[in-house]
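Chemist: Could you look at this predicted model? Sequence included:
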Amino acid sequence: MQPTAKALLLATAILAGPISARAEAPTEPATAPDFAPCLAGLKTLAEERGVPRAVAETALSGIAPDPSVVPATQSQAEFVKPVWEYIEASVTPERIATGQAKLAEWSEVLGRIEAAYGVDRHILVAFWGVESNYGAALEGAGIRPVVPALATLACGDPARPGLWRDELVAALKILADGDADAERMRGSWAGAMGHTQFMPTAFLRHAVDFDGDGKRDIWHSVPDALASTANFLKQSGWRAGEGWGLEVLLPDEFDYRLADETTERPFAEWRTLGLKPANGTFPESAERRAALLLPTGAKGPAFLLEPNFRVILRYNTALAYALTVAHLSDRLRGTPGFTRDWPRTDRMLTTEERTHLQTRLAALGHPVGGADGKIGPKTRAAIRAFQEAKGLVPDGYADAALLDRVRAVDAPAR
């Protein structure tokens with residue numbers, strides 16, 4: 001998905017805390033009889049927020065609900081695929097080779113963007129590769145006019161109507177400003193647009209005219225799209241000269257309670273605790289700090305995550321997405337793949353099962369911060385507490401085996 005794009009849209013950020021709630025939405029879109037009065041209200045809202053009435057009338061008149069967009073809210077790959085499947089779908093030999101060719105093709109532009117915003121070119125090209133396969137996906141079957149899609153969501157998703165109304169009004173403001181016309185303004189089912197998939201609100205806040213033609217054109221101008229992404233990251237706290245983190249190898253008898261994904265320690269302290277980089281070396285700066293994350297527990301890869309990883313999560317709050325961008329950036333740089341493989345035979349939990357796990361953990365006295373079906377820091381902490389109490393490795397890993405263990409314990413009587 002997309003910057004504040006996805007940060008607005010999706011669930012709880014794994015390291016940065018909640019950015020927005022991704023509530024479950026109904027599977028039925030607005031019907032045609034309901035749609036017309038809703039559109040009338042949207043026109044009035046847009047005008048109240050400063051959109052010229054003629055722009056709102058032209059953009060919203062005569063459109064019909066798009067029946068595919070509301071069901072799409074339930075099938076976002078970042079949350080339904082095992083993390084390794086999601087990463088490997090994007091970090092392919094072909095995408096690595098194409099990305100390296102793009103690095104060479106746009107080297108001069110990327111150099112100027114780095115100088116202006118302090119964001120590493122490999123990260124920018126990785127976002128480009130993950131979001132639109134370097135622009136190749138912008139004409140795909142899933143690309144559609146943004147305004148009808150957002151109007152459908154604003155009228156047909158009662159769980160988040162305010163989000164979709166804000167995005168729709170922002171799209172109309174883009175039309176009014178002349179940065180795009182209705183024909184150009186095409187994007188995903190959720191309204192994400194251009195080479196790096198900006199939501200309309202993100203466009204208004206962060207898009208830039210880097211090629212100097214007078215328009216912020218993230219659809220056809222690679223310089224504008226990449227510079228806009230760099231601006232988003234800089235404004236979100238990107239630290240120039242630092243990386244996202246790295247894969248690490250843990251010592252035998254490691255204390256897995258330290259992998260709480262929120263407590264940052266200096267790299268020197270992690271070295272003292274026995275961690276070793278899987279590739280390369282640790283940063284030497286005494287100021288550089290990182291938190292330890294085990295996405296699939298003790299059986300999978302381990303990562304030390306620097307503050308820039310939280311910035312990637314601002315673009316899209318899904319852990320699988322952020323790891324994909326980070327990993328692709330490393331592969332574009334020439335770093336080898338992960339040293340340790342994933343626990344591919346483990347069965348991942350469905351959203352309903354994750355919600356049930358959270359409910360059961362809370363009933364057992366391990367607070368999770370709300371049963372929303374998303375495994376974030378609070379839920380991992382609750383899992384570690386349960387695991388420690390039962391003599392298990394406290395690695396915070398939620399899979400089917402853990403759910404069975406939790407189900408087997410009777411909740412205390414109230």
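Modeler: Arrived safely.
Chemist: switch to C-alpha atoms for all contacts and neighbour counts from now on
Modeler: Noted.
Chemist: Could you check how far T92 is from T335?
Modeler: Note on T92: its distance to T335, by CA to CA, to the nearest Å, is 14 Å.
Chemist: Show the backbone phi and psi for G373.
Modeler: Dihedral angles of G373 (phi, psi; degrees, to the nearest 10) stand at phi 80, psi 10.
Chemist: That one contacts T379, correct?
Modeler: No: using CA atoms under 8 Å, G373 is not in contact with T379, being 9.7 Å away.
Chemist: quick one: which of the two has more around it?
Modeler: Neighbour totals were compared for G373 and T379, and T379 leads with 26 against 23 (other CA atoms under 10 Å).
Chemist: Next one: the more buried one from G396, what distance?
Modeler: Noted for T379: a distance of 8 Å to G396, by CA to CA.
Chemist: now swap in A278 and tell me
Modeler: Using CA to CA, we find A278 at a distance of 22 Å from G396.
Chemist: Comparing those two, which residue is more hemmed in?
Modeler: More crowded of A278 and G396, by other CA under 10 Å: G396, with 32 against 20.
Chemist: List the contacts of the more buried one.
Modeler: L294, G297, T379, R380, A381, A382, I383, R384, Q387 (CA atoms under 8 Å, 6 or more residues apart in numbering).
Chemist: go with 10 Å
Modeler: 256-257, 259-261, 293-298, 375-388, 402 (CA atoms under 10 Å, 6 or more residues apart in numbering).
Chemist: next one: A381
Modeler: When contacts are counted by CA under 10 Å, 6+ apart, A381 touches 257, 259-261, 366-368, 375, 387, 394-397.
Chemist: what's the closest of the residues you listed to T229?
Modeler: Using CA to CA, E261 is the member of these that lies nearest T229, at 25.7 Å.
Chemist: Over to the closest one. Which of the three states is it?
Modeler: Here E261 is coil, with the state taken from DSSP: H, G, I helix; E, B strand; the rest coil.
Chemist: can I assume it is in contact with G376?
Modeler: Yes: here E261 lies in contact with G376, judged by CA atoms under 10 Å, at a distance of 9.3 Å.
Chemist: Could you check how far the closest residue to V125 other than its chain neighbours is from E247?
Modeler: In space, and not counting its chain neighbours, V125 is closest to G99: 6.6 Å by CA to CA, 6 or more residues apart in numbering. G99 is 21 Å from E247, where distance means CA to CA.
Chemist: Quick check: the residue nearest to the spatial centre of the chain vs V325, distance?
Modeler: Geometric centre of the chain, nearest residue: N316, 1.8 Å, by CA atoms, centre = their mean. According to CA to CA, N316 stands 10 Å off from V325.
Chemist: residue contacts, K390?
Modeler: Counting by CA under 10 Å, 6+ apart, K390 makes contact with R384, R405, V406.
Chemist: just curious, which of those is nearest to W270?
Modeler: Relative to W270, the closest of the contacts of K390 is R384; by CA to CA it sits at 20.0 Å.
Chemist: in a helix, that's where that closest one is, yeah?
Modeler: Yes: note on R384: a helix contains this position according to three-state DSSP.
Chemist: where exactly do the strands run in the stretch 151-300 of the chain?
Modeler: Secondary structure of the stretch 151-300 of the chain (DSSP state E, counting those that start in this stretch): strands at 186-187, 245-249, 265-266, 276-277, 289-293.
Chemist: Next: the stretch 301-414 of the chain.
Modeler: Under DSSP E, counting those that start in this stretch, the stretch 301-414 of the chain gives strands at 302-305.
Chemist: Show me the shaky parts of it.
Modeler: 413-414 (pLDDT under 70).
Chemist: Could you tell me how many residues sit around T58?
Modeler: Applying other CA under 10 Å, we find 13 residues neighbouring T58.
Chemist: now do S236
Modeler: Residues lying near S236 (other CA under 10 Å) number 17.
Chemist: got it, and I96?
Modeler: The local packing of I96 (other CA under 10 Å) involves 21 other residues.
Chemist: check which helix or strand covers it.
Modeler: Taking DSSP states H and E as the definition, I96 sits inside helix 93-105.
Chemist: what comes up buried for that helix?
Modeler: Buried residues in helix 93-105, defined by neighbour count with 16 or more other CA atoms under 10 Å: R95, I96, T98, G99, Q100, K102, L103.
Chemist: With distance to A230 added, can I get those residues in JSON lines?
Modeler: Below are those laid out as JSON lines (distance: CA to CA, whole Å):
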{"residue": "R95", "distance to A230": "21"}
{"residue": "I96", "distance to A230": "20"}
{"residue": "T98", "distance to A230": "20"}
{"residue": "G99", "distance to A230": "17"}
{"residue": "Q100", "distance to A230": "18"}
{"residue": "K102", "distance to A230": "16"}
{"residue": "L103", "distance to A230": "15"}
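Chemist: Now for the residue nearest to G191 when sequence neighbours are not counted, how many residues are close by?
Modeler: Computed as CA to CA, 6+ apart, the closest residue to G191 that is not its neighbour in sequence is V146, at 5.0 Å. Close neighbours of V146, defined as other CA under 10 Å, add up to 26.
Chemist: pretty sure V146 contacts A192?
Modeler: Yes: between V146 and A192 there is a contact at 7.8 Å, judged by CA under 10 Å.
Chemist: quick one: the closest residue to Q100 other than its chain neighbours and R121, what's the gap?
Modeler: Of all residues not flanking Q100 in the chain, L332 sits nearest, at 5.7 Å (CA to CA, 6+ apart). With the distance defined as CA to CA, L332 ends up 10 Å from R121.
Chemist: quick one: common contacting residues for these two?
Modeler: Counting by CA under 10 Å, 6+ apart, the contacts common to L332 and R121 are L103.
Chemist: For the helix or strand encompassing L45, which helices and strands make contact with it?
Modeler: Secondary structure from DSSP H and E places L45 in helix 32-48. Counting contacts by 3 or more CA pairs under 10 Å, 6 or more residues apart in numbering; DSSP states H and E, helix 32-48 is packed against helix 53-60, helix 146-156, helix 161-177.
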